[in-house]
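# fold the following and give me the result.
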Amino acid sequence: MSDQPPENPTEQIEEKLSALKVENGPPSSEPPKSETPQPPANGTDGVTFEENFKLFAKFGDPKSDGKHITLSNSDKWMKQAKVIDGKKITTTDTGIYFKKLKSQKVVIGDYKKYLEDLAKAKKIEVDEIKHKLAACGPPGHHGVGAVKATSTVERLTDTSKYTGSHKQRFDETGKGKGIAGRKDIPNSSGYVQGFSKKN
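Predicted structure coming up:
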């Protein structure tokens with residue numbers, strides 16, 4: 001490498017990358033082993049349980065810092081992750097075990113304890129619940145399809161099917177004529193009605 005910095009920004013980036021590769025060594029093919037094997041807490045798109053906790057803690061509350069979650073947001077998260085199914089675990093169950101923490105908002109450590117208590121009471125693996133919560137993705141409205149107009153709405157908004165005086169409110173293309181289509185504007189030109197040379 002030369003002592004002068006390269007003039008091209010892409011060359012600068014390439015040099016920095018090569019320097020990083022040299023410092024860190026060649027990439028190894030196998031990940032470092034941990035002493036205790038743990039199931040992956042990542043979701044389908046690489047989002048961890050902790051990241052989702054932060055996202056759902058902030059959901060709907062612009063003042064939240066993402067460190068404390070409420071029962072309401074916890075229930076939204078569990079419904080989206082399909083942990084609350086209405087049979088095995090209900091919102092009543094989550095409310096009972098959340099209130100045992102004696103706080104309106106809880107931090108992630110207390111939330112994990114809450115999940116353990118809930119899982120133990122419902123005889124479900126806590127890791128299964130955590131995996132579902134990590135895999136559900138960020139908060140939002142999922143599964144909403146395109147809105148289709150019902151037959152009633154179509155019938156009422158199709159101007160070609162209008163009859164009587166309503167038909168006169170629209171031109172051939174279906175565009176409204178405005179005030180001319182709603183009111184009869186009197187001709188006050190001063191001539192009698194049958195006069196043929198008005199204009």
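# show the subsequent helix or strand relative to the least confident helix or strand in the chain by mean pLDDT.
In the chain, the helix or strand scored least confidently by mean pLDDT, DSSP states H and E is helix 9-24, which has a mean of 64. For helix 9-24, the following helix or strand on the C-terminal side (DSSP states H and E) is helix 49-58.
# what does the helix or strand following that next one contact?
Next helix or strand after helix 49-58 toward the C-terminus (DSSP H and E): strand 69-70. Residues outside strand 69-70 that contact it (CB atoms under 8 Å, 6 or more residues apart in numbering) are F53, F56, A57, D61, W77, Q104, K105, V106, I108, Y111. C-betas here are computed from N, CA, C, even on glycine.
# PyMOL command for the buried members of those?
The PyMOL command for the buried members of the contacts of strand 69-70 (criterion: 16 or more other CB atoms under 10 Å) is given here:
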select buried, resi 53+56+57+77+105+106+108+111
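# mind putting the contacts of strand 69-70 in a markdown table, distance to I13 included?
Output for the contacts of strand 69-70, formatted as a markdown table (distance: CB to CB, whole Å):
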| residue | distance to I13 |
| --- | --- |
| F53 | 34 |
| F56 | 36 |
| A57 | 36 |
| D61 | 39 |
| W77 | 39 |
| Q104 | 48 |
| K105 | 43 |
| V106 | 43 |
| I108 | 36 |
| Y111 | 41 |
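# tabulate the contacts of strand 69-70 (a markdown table), appending pLDDT.
Shown next, in a markdown table, are the contacts of strand 69-70 (pLDDT from 0 to 100):
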| residue | pLDDT |
| --- | --- |
| F53 | 88 |
| F56 | 88 |
| A57 | 88 |
| D61 | 83 |
| W77 | 89 |
| Q104 | 90 |
| K105 | 90 |
| V106 | 91 |
| I108 | 91 |
| Y111 | 92 |
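# closest one to K183 out of the contacts of strand 69-70, please.
Ranked by distance to K183 (CB to CB), the contacts of strand 69-70 are led by D61 at 50.8 Å.
# that closest one and V126: what is the separation?
26 Å (CB to CB, to the nearest Å).
# swap in L156?
Noted for L156: a distance of 53 Å to V126, by CB to CB.
# same question, A134
12 Å.
# what's the answer for I179, then?
68 Å.
# quick one, what contacts S74?
F56, T94, F98, Y111.
# which of those residues fall in helices?
Those of those mapping onto helices are F56, T94, F98, Y111, per DSSP state H.
# find the residues that touch each one of A134 and V126.
By CB under 8 Å, 6+ apart, A134 and V126 have no common neighbours.
# between those two, which is the more surrounded one?
A134 (23 against 14; other CB atoms under 10 Å).
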